[in-house]
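Student: based on what follows, work out the 3D shape:
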Amino acid sequence: MPADTIAESAASALSGVARVLVHAGKLSQKAAEDLVRQARDKRVSFVQAVLNSGAVRPADLAHTLSSALALPLIDLNAVDFERVPRNIVDAKMAAQYQVVVLGRRGSRLFIGAADPTDQEAAERIKFATQLTPEWVVVEQDKLQRMLDSHGASVSETLDSIAGADFDFEVTEETGAGAESPETVAEVEDAPVVRFLQKMLIDAINMRASDLHFEPYENTYRVRFRIDGDLREITQPPIAIKDKLASRIKVISRLDISEKRVPQDGRMKLKFGSKSIDFRVSTLPTLFGEKIVIRILDSSSAKLGIEALGYEKIEKDRLMHAIRRPYGMILVTGPTGSGKTVSLYTCLNILNQPGINISTVEDPAEINLPGINQVNVNDKAGLTFAAALKSFLRQDPDIIMVGEIRDLETADIAIKAAQTGHLVLSTLHTNDAPRTLTRLLNMGVAPFNIASSVLLITAQRLARRLCENCKTPADYPTESLLKAGFAEADIDGSWKPYRAVGCSACNNGYRGRVGLYQVMPISETIQRIILAEGTALDIAAQAAIEGVRDLRQSGLVKVRSGVTTLEEVISVTNE
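Tutor: Here you go, the predicted model:
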């Protein structure tokens, strides 16, 4: 090939950063061509080749690109990386494309890079995050130092999950190996496997509690429940819905051929020496199987009573009750209000070598070492009532019943509480006083309730304000009084906060906190129960005894700046 043809070919290869540097007079045409070839031979980026050669300093390169491409330039030394969003772009991708997330505004993601002309990086980030990248120019040397220092812990975690040690626990009899060759190919489809792994990793990093895989006629979407709110994450191709469902069902030990009825299962994600459990539920819909995966976080049961949000007086009442040798403690609230975590936290406190603890649940969500856990199996005749009868022959000290659903279970649990056992259980009622009338309506005798129930705690979960962006709010006095504050509370010594929203949180909130109504059963309340008083009678006496209702408990959190007035009104508006 003639020399001039080679030169023309090399010149045509100049694009992006190389062309900008030549036009700006920072590199000659020949030097740029040589560096393009070096970058290709050494399989490094052109920017890295330029900096390695010393032809252009990092600061000069950044200023030149910023000016030529009309892009903002930022000094990474001035960035507080404790406040930038985490886990939007995983550490492996950030290291591969030499980028750093600087902020997020709506659907726009601000990305710092030394090479803002990298279209491949832009497309990969857009696909992975479902956000539109907006480039910001940074200096390569500072970027590299930042990736090395700030990305180390995240990179280590993601590498351990996504690397060779990442695996699902699958039993032989339900694994893909027992299926037909067509099924094996379907569930082992590499893109589907990688997609499922990425969704699970993203959900864990984003502190999600549930993943929803939802098929519709022309679309397929994935949503995460984060801090109680469902958020759409991505819309993968609808063609993968059956393969993804098959993959999830195989690793969850479900019947891969049954698509007409709901199924429930579990799976375990193993990485290194750690593992995370998931509960899986499938549901046939018009356009395929909807699958919900719940992340069972065992660490939440070990947080300790203080981390759940109990105020001191509420915590003291609860701790006094669970230290009693016998009796019944009931936790009430709607689905998703944190009842199970509260019970597990109490069991962890009580779990000692000299105490025999047995639980019956539907299903057992978190494995608790040292506690005998039993799963309900209605088909086999192992109901709550049957398990409770068996427990009483197993020399128990403490019994936990996942839920009291019928009179038979309630009667056995109350008899256990009356014969020297501490019984913990849950009921679906709106507040503590109504729990007692619910037991009466089930058919439980008033004298049995009065003599066995020690304490009832009702609870809700409210979103916790983000500490980075919460801002003082000015509410009219009338609004505060209407919400439930007393005039004495509005004395100017405190300020309510409102949610703002920043790159580190979810619309101004990050995490959740419990609101509790902790009602001990006093002698006066026992007399009201024996007289078959109403829930209103019990609530009035509880208020006299200093028991806060859920709204008042929420207002305490508003005063302390933990959550907003709007959030408390939302979760206690009954």
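Student: name the nearest residue to residue 389, ignoring sequence neighbours.
Tutor: Spatial nearest neighbour of residue 389, excluding adjacent residues (C-beta to C-beta, 6 or more residues apart in numbering): residue 412 at 6.3 Å. The way it works is simple: take the backbone N, C-alpha and C, and place the C-beta from them, glycine included.
Student: give the residue spans of the stretch 451-574 of the chain that score low on pLDDT.
Tutor: Within the stretch 451-574 of the chain, the stretches with pLDDT under 70 are 574.
Student: again, but for the stretch 151-300 of the chain
Tutor: Residue ranges of the stretch 151-300 of the chain with pLDDT under 70: 151-190, 271-274, 298-300.
Student: would you state the strands of it in chain order?
Tutor: In the stretch 151-300 of the chain, strands defined by DSSP state E, counting those that start in this stretch lie at 167-168, 208-215, 220-226, 229-234, 263-271, 274-285, 288-296, listed in chain order.
Student: so which other helices or strands are in contact with the helix or strand that residue 570 is a member of?
Tutor: Using DSSP states H and E, residue 570 falls within helix 565-571. Secondary-structure packing of helix 565-571 (3 or more C-beta pairs under 8 Å, 6 or more residues apart in numbering; DSSP states H and E): strand 453-465, helix 477-483, strand 509-520, helix 550-559.
Student: and these: which comes nearest residue 79?
Tutor: Among the helices and strands packed on helix 565-571, the nearest to residue 79 by C-beta to C-beta is strand 509-520 (20.1 Å).
Student: do I have it right that residue 97 meets residue 121?
Tutor: Yes - if you go by C-beta atoms under 8 Å, residue 97 and residue 121 touch, sitting 3.8 Å apart.
Student: for the two, list the residues in contact with both.
Tutor: By the contact definition C-beta atoms under 8 Å, 6 or more residues apart in numbering, residue 97 and residue 121 are jointly contacted by residue 113.
Student: out of those two, which sits in the more crowded spot?
Tutor: The residue with more neighbours, out of residue 97 and residue 121, is residue 121; 23 against 18, by other C-beta atoms under 10 Å.
Student: so who does that one touch?
Tutor: Counting by C-beta under 8 Å, 6+ apart, residue 121 makes contact with 97, 99, 113, 115, 133.
Student: relative to strand 229-234, how tilted is the helix or strand harbouring it?
Tutor: Using DSSP H and E, residue 121 maps to helix 119-129. Counting by axes from the mean of the first three to the mean of the last three C-alpha atoms, to 10 degrees, helix 119-129 lies at 140 degrees to strand 229-234.
Student: dump the residue contacts of residue 554.
Tutor: Shown in contact with residue 554 (C-beta under 8 Å, 6+ apart): 460, 462, 515, 563, 567, 568, 571, 572.
Student: and residue 549, what is it in contact with?
Tutor: The contact partners of residue 549, by C-beta under 8 Å, 6+ apart, come to 431, 517, 539, 543.
Student: distance of it relative to residue 40?
Tutor: According to C-beta to C-beta, to the nearest Å, residue 549 stands 70 Å off from residue 40.
Student: and of the contacts of residue 554, the nearest to residue 424?
Tutor: Nearest to residue 424 among the contacts of residue 554 is residue 460, at 19.1 Å by C-beta to C-beta.
Student: so where's the stretch 1-150 of the chain uncertain?
Tutor: 1-15, 81-82, 86-87, 148-150.
Student: before we move on, back to that, need the contacts of residue 549 in a markdown table (columns: neighbour count).
Tutor: Formatted as a markdown table, the contacts of residue 549 follow (neighbours: other C-beta atoms under 10 Å):
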| residue | neighbour count |
| --- | --- |
| 431 | 23 |
| 517 | 25 |
| 539 | 19 |
| 543 | 14 |
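Student: got a markdown table for those residues, with secondary structure and distance to residue 526 too?
Tutor: Listed next are those as a markdown table, based on DSSP: H, G, I helix; E, B strand; the rest coil; distance: C-beta to C-beta, whole Å:
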| residue | secondary structure | distance to residue 526 |
| --- | --- | --- |
| 431 | coil | 18 |
| 517 | strand | 18 |
| 539 | helix | 15 |
| 543 | helix | 17 |
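Student: about what we covered before: going by neighbour count, which of the contacts of residue 554 comes out on top?
Tutor: Neighbour counts for those, by other C-beta under 10 Å, peak at residue 515, which reaches 33 neighbours.
Student: contact partners for that one?
Tutor: Taking C-beta under 8 Å, 6+ apart as the criterion, residue 515 is in contact with 309, 459, 460, 461, 462, 550, 553, 554, 557, 568, 571, 572.
Student: in which helix or strand would I find residue 437?
Tutor: Assessed by DSSP H and E, residue 437 sits inside helix 432-442.
Student: can you pull out the helices in the stretch 301-450 of the chain?
Tutor: Here the stretch 301-450 of the chain has its helices, by DSSP state H, counting those that start in this stretch, at 312-322, 339-350, 384-391, 407-418, 432-442, 446-452.
Student: how much space between the nearest residue to residue 212 once chain neighbours are set aside and residue 327?
Tutor: Nearest non-adjacent residue to residue 212, counting by C-beta to C-beta, 6+ apart: residue 223, 4.4 Å away. From residue 223 across to residue 327, the span is 42 Å (C-beta to C-beta).
Student: chain neighbours aside, what residue packs nearest to the spatially most central residue of the chain?
Tutor: Centroid-nearest residue in the chain: residue 208, 2.1 Å away (criterion: C-alpha atoms, centre = their mean). In space, and not counting its chain neighbours, residue 208 is closest to residue 224: 3.9 Å by C-beta to C-beta, 6+ apart.
Student: just checking, that neighbour touches residue 203?
Tutor: Yes - Residue 224 is within contact range of residue 203, at 5.4 Å (criterion: C-beta under 8 Å).
Student: list residues touching both of those two?
Tutor: Both residue 224 and residue 203 are in contact with residue 211, where contact means C-beta under 8 Å, 6+ apart.
Student: what bridges to residue 373?
Tutor: residue 359 (DSSP bridges).
Student: return the residues in contact with it.
Tutor: Counted by C-beta under 8 Å, 6+ apart, residue 373 has contacts 358, 359, 361, 364, 367.
Student: pLDDT score assigned to the third one?
Tutor: Think residue 361. Predicted confidence (pLDDT) for residue 361: 88.
Student: for it, give its distance to residue 77.
Tutor: Taking C-beta to C-beta, one finds residue 361 at 53 Å from residue 77.
Student: so the two - more neighbours on which side?
Tutor: Between residue 361 and residue 77, counted using other C-beta under 10 Å, the more crowded position is residue 361 (20 against 9).
Student: quick one: contacts for that one?
Tutor: Counting by C-beta under 8 Å, 6+ apart, residue 361 touches 373, 374, 375, 376, 400, 402.
Student: and residue 235, by the same measure?
Tutor: By C-beta under 8 Å, 6+ apart, the residues touching residue 235 are 130, 219, 220, 221, 222.
Student: got it, and residue 225?
Tutor: Each residue near residue 225 by C-beta under 8 Å, 6+ apart is listed here: 208, 209, 210, 211, 212, 231.
Student: residues contacting the helix holding residue 437, please?
Tutor: Under C-beta under 8 Å, 6+ apart, the answer for helix 432-442 is 330, 332, 404, 406-407, 410, 427, 429, 446, 449, 453, 456-458, 517-519, 529, 532, 534-536, 538-539, 542, 547.
Student: show me how to select, in ChimeraX, the buried members of those residues.
Tutor: ChimeraX command restricting those to the buried ones, with burial defined by 16 or more other C-beta atoms under 10 Å:
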select :330,332,404,410,427,429,446,449,453,456,457,458,517,518,519,529,535,538,539,542,547
